[in-house]
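Participant: Here's a sequence, model it:
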Amino acid sequence: LRRFVSYCHLLPASQAHHHRGAGGLLRHSIEVGLWAAQASDKLLLDLGSTPAQRRQIEPRWQLTAFVAGLCHDVGKPATDLVVTSHDRTKVWKPLTENLSDWATANDISAYFLDWRPGRAKQHVALSNLLADRIIGAETLGW
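Facilitator: Numbers count the residues shown, from 1 in each chain. Next comes the predicted model:
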């Protein structure tokens, strides 16, 4: 969650639809992650396994579902938005750095958003790439 917050900071989830306000991407992503984790709780995994084996895998399955939900829109900042400093001289590069790190390094206390035209569903392709950075090696290994 800390890595996700550092990456998306207070970005909105959409320009004119759900969660369009400050912090909307974070709120929407956590909501979807929780819904996915709750839905995963109702599934029986690997019916050929013993109950003890299923209990061992359940936490991993629930975390996987949560993280998948959390990261489903993580590509949006890279495809849908251009984030700049107030004077438009500094531009955030979402493929290589977190938004909060960029703002801190450039002494930016307020940033500005421009929505890219024709962006429909382009974020899906980048969500997998960026999810690795959000999830982290330790969680992926577990």
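Participant: any residues touching the helix or strand containing residue 35, and which ones?
Facilitator: Taking DSSP states H and E as the definition, residue 35 sits inside helix 24-40. Under the criterion C-beta atoms under 8 Å, 6 or more residues apart in numbering, residues 1, 4-5, 8-14, 18-19, 61-74, 76-77 lie in contact with helix 24-40. For every residue, glycine as well, the C-beta is placed using N, CA and C.
Participant: Any chance of a ChimeraX selection covering the buried ones in those residues?
Facilitator: Buried residues among the contacts of helix 24-40 (16 or more other C-beta atoms under 10 Å), as a ChimeraX selection:
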select :4,5,8,9,11,12,13,14,19,61,62,63,64,65,66,67,68,69,70,71,72,73,74,76,77
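Participant: now stretch 38-56: how far from the chain's centre is it?
Facilitator: Offset of stretch 38-56 from its chain centre (C-alpha atoms, centre = their mean, to the nearest Å): 26 Å.
Participant: Any stretches of the protein with poor pLDDT?
Facilitator: For the chain, the stretches flagged by pLDDT under 70 are 42, 44-47, 122-124.
Participant: Does residue 13 touch residue 72 like I think?
Facilitator: No - between residue 13 and residue 72 no contact is recorded; they are 10.6 Å apart, counting by C-beta atoms under 8 Å.
Participant: give me phi/psi at the spatially most distant residue from the centre of the chain?
Facilitator: Each residue of the chain has a distance to the centre, and by C-alpha atoms, centre = their mean the biggest one is for residue 50: 34.2 Å. Main-chain dihedrals, residue 50, degrees, to the nearest 10: phi -80, psi 160.
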